[in-house]
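1. fold the following for me, if possible:
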Amino acid sequence: MAADIVPLKGAIANLNWFDAQRKHYETPDQIARRFRLPDDAGMRAFCQGAASVLDRHTVQFVRRLPLTADAAWSYLSEPERVEQWLPGARWGLEKGAEWSLPLAGAEGKVADLEPLQRLKLEANTGAWTRFELHDASGSARARRDIPNYQGPITEIQLTDCLPPNAEVPQPLPDATAEHVAQPGGVGTHWVSQVANWHHAATLLQKLAFANGNAYWSPELAVGLDHTALIAAYAKLLAAYHKG
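-> Next up is the predicted model:
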C-alpha cells in the first residue's frame, strides 16, 4: 500500500486503496465484486459513507439528511423513530438517564444532552457514542449529496469510541472470524461493530430521505448489505491499522 493512501480517512483514499488492489485486467466492476461489493457504483457509495477513523479508538460516520434540525432530532428523541434504525434501543432524554442497546449488549448513562444538538451515551465499560447535529443547509458538498433538493439539510455525526482495554465481547451471535476480527488489536473496533454502525447510520439516512421527500440513490443500499459491509471493513480496517 502506498504511504499516502490510508484507508478510512476519506472517500478518495478508500477508492484509491481499492483501485491499488486491482489486477491490470480487472474492470472496476470486477474489483468491486472481488471485495463483495455489488459493482463499481456500489463500491463508490460504500466509500463515500464509510467510517473515518479519528484515532486508534474512535470511528465516526457522517450522514446528511434532508430535514430540519427538529425533524432530524426526532430520530434521536422519539422512541418509535429510534426503534426504526436502532432496534431495541432505549434512552431517557435527560443527563444521567439510563440507556440500553440490546443488540450490542451495551448499557450505561446519558452523559451529555443538548436538545437539537447532541446526545452522548456513555457505557458502563467506558465506551461512548455521541450523536451531533449540524446545520448543513449552506454547504455546497451537502447540496451535491442531495441533488435537486432545495430544502434544509442537517448533518448528523455519529462517533463511537472504545476504551484502551476494549476487546471483542464474547459470545457474539452469528459471529465468524471475519465478524469479530479486531485488526488494530486491543482498544480498537472489531469489524462487525463498525459494520453495524455503518448499517444503522445508512438506515437512518434512508428513513430521513423518505420523511423529507428526497431522492435516495439506490446505490446507497450497499450500506444496508451486512455481508458486503463485513467483507469491505475486514479489508479496510486491516489496511488502516497496518498502514
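2. contact partners of stretch 162-172?
-> 57-58, 105, 125-127, 179-180, 182, 186-190, 192 (C-beta atoms under 8 Å, 6 or more residues apart in numbering). C-beta coordinates here come from the backbone N, C-alpha and C atoms, glycine included.
3. what's the most distant pair in those residues?
-> Gly126 and His179 (22.8 Å; C-beta to C-beta).
4. and those two? which has more neighbours close in?
-> The residue with more neighbours, out of Gly126 and His179, is His179; 20 against 13, by other C-beta atoms under 10 Å.
5. count the neighbours of the closest residue to the more buried one other than its chain neighbours for me.
-> Closest residue to His179 apart from its sequence neighbours, by C-beta to C-beta, 6 or more residues apart in numbering: Ser192 at 4.1 Å. Burial of Ser192 is recorded as 25 neighbouring residues (other C-beta under 10 Å).
6. how near is Asp55 to Gly126?
-> Using C-beta to C-beta, to the nearest Å, we find Asp55 at a distance of 15 Å from Gly126.
7. typed the wrong thing, it's Leu236
-> Between Leu236 and Gly126 the computed distance is 25 Å (C-beta to C-beta).
8. next one: Lys242
-> The span separating Lys242 from Gly126 equals 26 Å under the rule C-beta to C-beta.
9. ditto for Leu207
-> 30 Å.
10. which outside residues touch the helix or strand hosting Phe61?
-> Using DSSP states H and E, Phe61 maps to strand 58-65. For strand 58-65, contacts defined as C-beta under 8 Å, 6+ apart pick out 8, 49, 51-54, 71-72, 136, 139, 142, 145-146, 153-162, 189, 194, 197-198, 201-202, 204-205, 208-209, 212.
11. how about a cut-off of 7 Å?
-> Contacting residues not belonging to strand 58-65 are listed as 51-54, 72, 136, 142, 145-146, 153-161, 189, 194, 197-198, 201, 204-205, 208, 212 [C-beta atoms under 7 Å, 6 or more residues apart in numbering].
12. show me what secondary structure element comes after it.
-> Following strand 58-65 in sequence, per DSSP H and E, is helix 69-77.
13. what is the neighbour count of Ala201?
-> 22.
14. check which helix or strand it maps to.
-> Counting by DSSP H and E, the element that carries Ala201 is helix 191-211.
15. tilt between that helix and helix 69-77?
-> 140 degrees (axes from the mean of the first three to the mean of the last three C-alpha atoms, to 10 degrees).
16. alpha carbons of helix 191-211, in PDB - could you do that?
-> Coordinates of the C-alpha atoms in helix 191-211 are reproduced here as PDB (Å, rounded to 0.1, in the frame of the first residue of the first chain):
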ATOM      1  CA  VAL A 191     -15.200  -5.500  12.000                       C
ATOM      2  CA  SER A 192     -18.800  -6.300  12.800                       C
ATOM      3  CA  GLN A 193     -19.100  -3.300  15.200                       C
ATOM      4  CA  VAL A 194     -18.100  -0.800  12.500                       C
ATOM      5  CA  ALA A 195     -20.300  -2.600  10.000                       C
ATOM      6  CA  ASN A 196     -23.300  -2.400  12.400                       C
ATOM      7  CA  TRP A 197     -22.900   1.300  12.900                       C
ATOM      8  CA  HIS A 198     -22.500   1.900   9.200                       C
ATOM      9  CA  HIS A 199     -25.700  -0.100   8.600                       C
ATOM     10  CA  ALA A 200     -27.500   1.900  11.300                       C
ATOM     11  CA  ALA A 201     -26.300   5.300  10.000                       C
ATOM     12  CA  THR A 202     -27.400   4.400   6.500                       C
ATOM     13  CA  LEU A 203     -30.800   3.100   7.600                       C
ATOM     14  CA  LEU A 204     -31.300   6.400   9.500                       C
ATOM     15  CA  GLN A 205     -30.400   8.300   6.300                       C
ATOM     16  CA  LYS A 206     -32.800   6.300   4.200                       C
ATOM     17  CA  LEU A 207     -35.700   6.900   6.600                       C
ATOM     18  CA  ALA A 208     -34.900  10.600   6.800                       C
ATOM     19  CA  PHE A 209     -34.900  10.900   3.000                       C
ATOM     20  CA  ALA A 210     -38.300   9.300   2.800                       C
ATOM     21  CA  ASN A 211     -39.500  11.600   5.500                       C
END
